[in-house]
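[1] predicted model and sequence below, questions to follow.
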Amino acid sequence: MSSLLSESLNTPSAAQAHLDRGFRFEQAGSVTRALESYNDALAAAGTSLVEAEARLRMARVLRSTSRWDDAVREAREAVRIATESRVGDLAAEAMNVEIGVGLLRGDFDEADDLAAKAMSLAQSARVRGITLQNRGSIAALRKNFSLAERLFAESVAAFRESEYELGLAVALVNAAAAARDMEQPQRALRLSEEAADLCRRVNALDVLLVAVQNQASALVALGRLDEAEARLTEALGHFTSARNPIRQAECLEIMGEMAARGTGDVETAMRCYGRARDLAVAAGDRLLAERLTQRIAGIEPPEGLRAPTV
């Protein structure tokens, strides 16, 4: 959660209340109510910085529901306002929303270029940590795991400096995903469990369920299918309720892998992969759709799941 507004002497209390309420809804995965609260904050905004903060948060929620063009539009408006107000930290944080969209779309070069610009504007350790985390995710998706681990470590150091526990939780989720991609399921499971414990402490339900989803993926790789199924059912139920099609698709992907590994039920596996691919295509996640196509062809090893944005 941004600390910029709490540092402003002119923050309207009504707008701040709407922002705080929206953040609680956002962390619970209640996207409709989060957007309503952020729209209320926008309507009550008495300063340009409050408007920029509200638009940044709206962009973040819109991104989670795969409304990527809308998310980019709101993020760029937040960047414009923050830049005009000469508040580099807020501009950099808003840029990170668009960076996250680039990650999901597979536009790695554009996302990395924008991240470099965000790093030059970031003033606080928290926003530096967010940007480093996204750069680490780009490196991991490019299979440059040594660079990803270095960037993730720098990000964690920045989050610890700023005492940003939500960022630390996301960092643990992403580190678990990278471990899973490197075929280190035991380490992925440990990191995912650490992330889940931290999420419970800071009441970050949405990130918690990504950690649970990663636990399921690691457990499948370890052959602990009953444990994986219990966690997967919990995660899929949450992301279906939250109307997050990409996370739903990832859960279905794990279900397909579980069917293939556990009972050799190819028909169920293909049905899960096919439904997951439909969701990924509808959401516009090209990388996930391509991976699922490869899974259906039976040639792609399992990959980890990450929460690429903060």
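    Good, I have the coordinates.

[2] when you work out contacts or count neighbours from here on, use the C-alpha atoms and nothing else.
    OK.

[3] what's residue 242 sitting at in phi/psi?
    phi -80, psi 0 (degrees, to the nearest 10).

[4] what do you get for residue 65?
    Dihedral pair for residue 65: phi -100, psi 10, per degrees, to the nearest 10.

[5] that one - nearest residue in space that isn't next to it in sequence?
    Spatially, and ignoring its direct neighbours in sequence, residue 65 is nearest to residue 244 (5.2 Å; CA to CA, 6 or more residues apart in numbering).

[6] ok, now which ones touch that neighbour?
    Residue 244 is in contact with 64, 65, 66, counting by CA atoms under 8 Å, 6 or more residues apart in numbering.

[7] the last one: neighbouring residues, count only.
    If you count neighbours by other CA atoms under 10 Å, residue 66 ends up with 21.

[8] gap between residue 129 and residue 144?
    19 Å (CA to CA, to the nearest Å).

[9] pick out whichever of these two has more residues nearby.
    Applying other CA under 10 Å to residue 129 and residue 144 shows that residue 129 carries more neighbours, namely 30 against 14.

[10] per-residue confidence for that one?
    What the model reports as pLDDT for residue 129 is 97.

[11] residues contacting it?
    Listed by CA under 8 Å, 6+ apart, the contact partners of residue 129 are 154, 155, 156, 157, 158, 159, 167.

[12] now the residues you listed in TSV, with distance to residue 108, neighbour count and secondary structure?
    Shown next, in TSV, are those (distance: CA to CA, whole Å; neighbours: other CA atoms under 10 Å; DSSP: H, G, I helix; E, B strand; the rest coil):
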residue	distance to residue 108	neighbour count	secondary structure
154	20	17	helix
155	19	27	helix
156	22	26	helix
157	24	16	helix
158	23	23	helix
159	24	25	helix
167	21	24	helix
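
[13] looking at the residues you listed, which is nearest residue 98?
    Closest approach between the contacts of residue 129 and residue 98, by CA to CA: residue 167, at 17.5 Å.

[14] could the contacts of residue 129 go into a markdown table alongside pLDDT and distance to residue 218?
    Formatted as a markdown table, the contacts of residue 129 follow (pLDDT from 0 to 100; distance: CA to CA, whole Å):
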| residue | pLDDT | distance to residue 218 |
| --- | --- | --- |
| 154 | 96 | 25 |
| 155 | 95 | 24 |
| 156 | 93 | 22 |
| 157 | 94 | 26 |
| 158 | 96 | 27 |
| 159 | 96 | 26 |
| 167 | 94 | 22 |
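
[15] can you add distance to residue 47 and give these back as TSV?
    What follows is the contacts of residue 129, written out as TSV (distance: CA to CA, whole Å):
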residue	distance to residue 47
154	34
155	31
156	32
157	33
158	29
159	28
167	27
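
[16] next, count neighbours for residue 201.
    11.

[17] phi and psi next, for it.
    Here is the backbone geometry of residue 201 (degrees, to the nearest 10): phi -70, psi -40.

[18] contacts for stretch 66-75, please.
    Around stretch 66-75, the neighbours that count as contacts under CA under 8 Å, 6+ apart are 55-56, 58-63, 94-95, 97-98, 101, 244-246, 283-284.

[19] for that stretch, buried residues please.
    Of the residues in stretch 66-75, 66, 67, 68, 71, 72, 74, 75 count as buried by neighbour count, 16 or more other CA atoms under 10 Å.

[20] same deal with stretch 196-209?
    Taking 16+ other CA under 10 Å as the criterion, stretch 196-209 shows 196, 198, 199, 204, 205, 206, 207, 208, 209 as buried.

[21] so residue 127: helix, strand or coil?
    Assigned with DSSP: H, G, I helix; E, B strand; the rest coil, residue 127 falls in the helix class.

[22] ok, for it, nearest residue in space, not its chain neighbours?
    Among residues not flanking residue 127 along the chain, residue 93 sits closest, at 6.0 Å (CA to CA, 6+ apart).

[23] wait, the one you found sits on residue 124?
    No - with contact defined as CA atoms under 8 Å, residue 93 does not count as touching residue 124 (10.1 Å).

[24] give me the number of residues near residue 183?
    17.

[25] so what does it have for phi and psi?
    Dihedral angles for residue 183 - degrees, to the nearest 10 - are phi 60, psi 50.

[26] what part of the protein, helix or strand, is modelled with the least confidence?
    Using mean pLDDT, DSSP states H and E, the weakest-scoring helix or strand in the chain turns out to be helix 4-7, at a mean of 42.

[27] helix or strand right after that one?
    helix 13-28 (DSSP states H and E).

[28] the inter-axis angle of the next helix or strand after that next one versus helix 13-28?
    Downstream of helix 13-28, the next assigned helix or strand under DSSP H and E is helix 31-44. Interaxial angle of helix 31-44 relative to helix 13-28 (axes from the mean of the first three to the mean of the last three CA atoms, to 10 degrees): 160 degrees.
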